[in-house]
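Student: With the sequence up front, the predicted model follows.
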Amino acid sequence: MNVHVAPRYAAPSESGPAVIVSNLVRRYGSRVVIEKLNLRIERGEFVALLGESGCGKTTLLRALAGLDPVQGGRIVAPRRPAVVFQEHRLLPWDNLWRNVALGLQAQDARERAAEALTEVGLGDRLDDWPRNLSGGQAQRVALARALVQQPELLLLDEPFAALDALTRIRMHELVRELVTNHQPGVLLVTHDVDEAIALADRILVMRDGAIAFEHRAARDGSASISRAELLGELGVISHSPN
Amino acid sequence: MSNIELSQIERTVIGADGGLPSQSSDTSLASASRLGARGLLLLSWLAPVLLVIVWEALAQAGWLSPQVLPAPSKVIRTAFKLVTTGTLLNDLGVSLLRAAAGFALGAAVGAAFGILVGFSRIAEATIDRSVQMIRAIPFLASLPLVIVWLGVGEAEKIFLVALGVTFPIYINTVLGIRQVDPKLLELGRVQGLSSIQLISRIILPGALPSILTGVRYALATAWLALVVAETIGAQSGIGFLAMDAREFLRTDVIILTIVIYALIGIAADAIARLLERRLLAWHPNYGAAR
């Protein structure tokens, strides 16, 4: 049957990349979803992954997270990555600081959770319940929970897709700030071309289980690729001048 | 009686406040609806209170034979007399002890098998079908068999209660564990939880609402089992009191035992509700979260 190659999490090294993926293959039965995919993300680098529904981008993220087995190739990451999902996935029976501290093996778990919650602007709600939060606030707690683990690789699976437009813009600012402060490598899976342009240092477009297009943003942060160009890569024909 | 009414009103008003947290900024509207709720509550007590008054009046007028239905006041006097002579409290204690022992035994067995089957598909394949087959028997129908095995003693009564408690606890434990959101389990893996942490932080808290529903249902079943077990060949307990009274046509004592069974049933349900409010404070369907 299938050869299961588990992701290998090596000991953290000071300056290595956040993750290296080589020749990754992922199949569901006879259907190949990811075909010999290669990817390298540096620490502090923000990579956005675009693609049509079903192109395998979430499958790639789940493989990197170690949630699904892969059938070939290799994933080498310094440590277990942190993940923020589209849904906040907060435990409704735990208050906010206990949610953030979930899985944290530390004596000062509460203090560290409090710090992380303060960073996302919810430092005054340590003992509140998840059900009292708005969608944006809940997603901020999910970000705090991911960052409190001090990950070298942060995987974001369409974390802002369910938020309204204004909240999403605020979340973009927050995420940029957090990534600048913590310097993890980031892989953001998204449908939103504008989001990719606004956030990423590098934009990848995935097609038929492989990376079909790559664009590196200019160092000064200005968006050097047009929306129309990216939509073209995604197979959407756009007539807008910009 | 009036004490009970007052506490009922207070509780409901508190409950209504908790149910509508800072929702209505219009205070006049809020107070009007509260007044309405209080009015409806008083109205709901009107029929039962009237019924007792009519019953008392008919009995006092001699239209009801005391052997058919003694006056409520007579039942209360009987209660006082039985308490002061000591037999009632003793019998009550014996009954409660049987219920508690049977419940503890049944709950332990039900929870143990429920956890096993909830976590392991192999355990489910091995155990579940047999349990479901036994569950199809109305557990009270097994009473003659239980008497043949254990005779008419304490063991038989405790066994019958345990039998009635085991199944609701078992079923709701399995259900609760199986209903835990797989997305939360996945999150637990992402956060690097160990198996034991997954169980203690995610699976058991997630299963708790269902388990407590099972506890509440089991309390009702336990009580039913106790009534039946005590009605047959008991030497002490509330059921024995009722059967003994039947011999001497003491209808007042029989009514008293029925009322006591009802009151303890209400008390058991109140304890189960309190547990839910305390343990499920996080849950939007229970209690006010702090």
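Tutor: Ah, there it is. In this text, all values refer to a predicted model and were calculated from it rather than measured experimentally.

Student: which residues in the stretch 1-150 of chain B form helices?
Tutor: Assigned by DSSP state H, counting those that start in this stretch, the stretch 1-150 of chain B shows helices spanning B:2-19, B:27-60, B:72-85, B:87-119, B:121-123, B:129-135, B:143-150.

Student: Would you mark the buried spots in the helix or strand where A:Glu115 lies?
Tutor: Under the criterion of DSSP states H and E, A:Glu115 resides in helix A:109-119. Neighbour counts over helix A:109-119 (16 or more other CB atoms under 10 Å in any protein chain shown) mark A:109, A:112-114, A:116-117, A:119 as buried. From N, CA and C alone the C-beta is placed, and that goes for glycine too.

Student: which two in those are spaced the farthest apart?
Tutor: Pairwise distances across these (CB to CB) peak at 15.7 Å, for the pair A:Ala109 and A:Glu119.

Student: What count of nearby residues applies to residue 78?
Tutor: Just so you know, I chose chain A. Residues lying near A:Pro78 (other CB atoms under 10 Å in any protein chain shown) number 21.

Student: wrong one, I was asking about chain B
Tutor: Using other CB under 10 Å, B:Thr78 has 19 neighbouring residues.

Student: quick one: the residue lying closest to it once chain neighbours are set aside from chain A, how far?
Tutor: For B:Thr78, the nearest residue in space outside its immediate sequence neighbours is B:Asp252; the separation is 4.5 Å by CB to CB, 6 or more residues apart in numbering or on different chains. For B:Asp252, the distance to chain A (CB to the nearest CB, to the nearest Å) stands at 49 Å.

Student: Indicate the residue of chain A located nearest to chain B.
Tutor: A:Gly103 (3.2 Å; CB to the nearest CB).

Student: since we're on that residue, how many residues are nearby?
Tutor: Neighbours of A:Gly103 (other CB under 10 Å): 21.

Student: Hmm, it is touching B:Leu187, no?
Tutor: No. Using CB atoms under 8 Å, A:Gly103 makes no contact with B:Leu187, being 9.1 Å away.

Student: confidence score at residue 71?
Tutor: You didn't pick a chain, so chain A it is. The confidence metric pLDDT takes the value 88 at A:Gln71.

Student: other chain: chain B
Tutor: In this model, B:Ala71 carries a pLDDT of 92.

Student: Just give the closest residue to it, not the sequence neighbours.
Tutor: Closest residue to B:Ala71 apart from its sequence neighbours, by CB to CB, 6+ apart: B:Ala59 at 3.4 Å.

Student: Now do the contacts for that neighbour.
Tutor: For B:Ala59, the contact set (CB atoms under 8 Å, 6 or more residues apart in numbering or on different chains) comprises B:66, B:69-72, B:74.

Student: How confident was the prediction at it?
Tutor: B:Ala59 is given a pLDDT of 91.

Student: element containing A:Ala212, please.
Tutor: strand A:210-216.

Student: To clarify, my last question referred to B:Thr173.
Tutor: Per DSSP H and E, B:Thr173 falls inside helix B:154-178.

Student: who does that helix touch, helix- and strand-wise?
Tutor: Where contact means 3 or more CB pairs under 8 Å, 6 or more residues apart in numbering or on different chains; DSSP states H and E, helix B:154-178 is packed against helix B:87-119, helix B:129-135, helix B:143-150, helix B:204-231.

Student: Need the pLDDT of B:Ser2.
Tutor: pLDDT, B:Ser2: 38.

Student: er, B:Asn285 I mean
Tutor: Looking at B:Asn285, the pLDDT reads 77.

Student: Return the residues in contact with B:Glu276.
Tutor: B:Glu276 neighbours (CB under 8 Å, 6+ apart): B:209, B:212, B:216, B:286-287.

Student: center of chain A, which residue is that?
Tutor: For chain A, the residue sitting closest to the mean C-alpha position, by CA atoms, centre = their mean, is A:Leu156 at 2.1 Å.

Student: for that one, phi and psi?
Tutor: For A:Leu156, the backbone dihedrals (degrees, to the nearest 10) come out as phi -110, psi 110.
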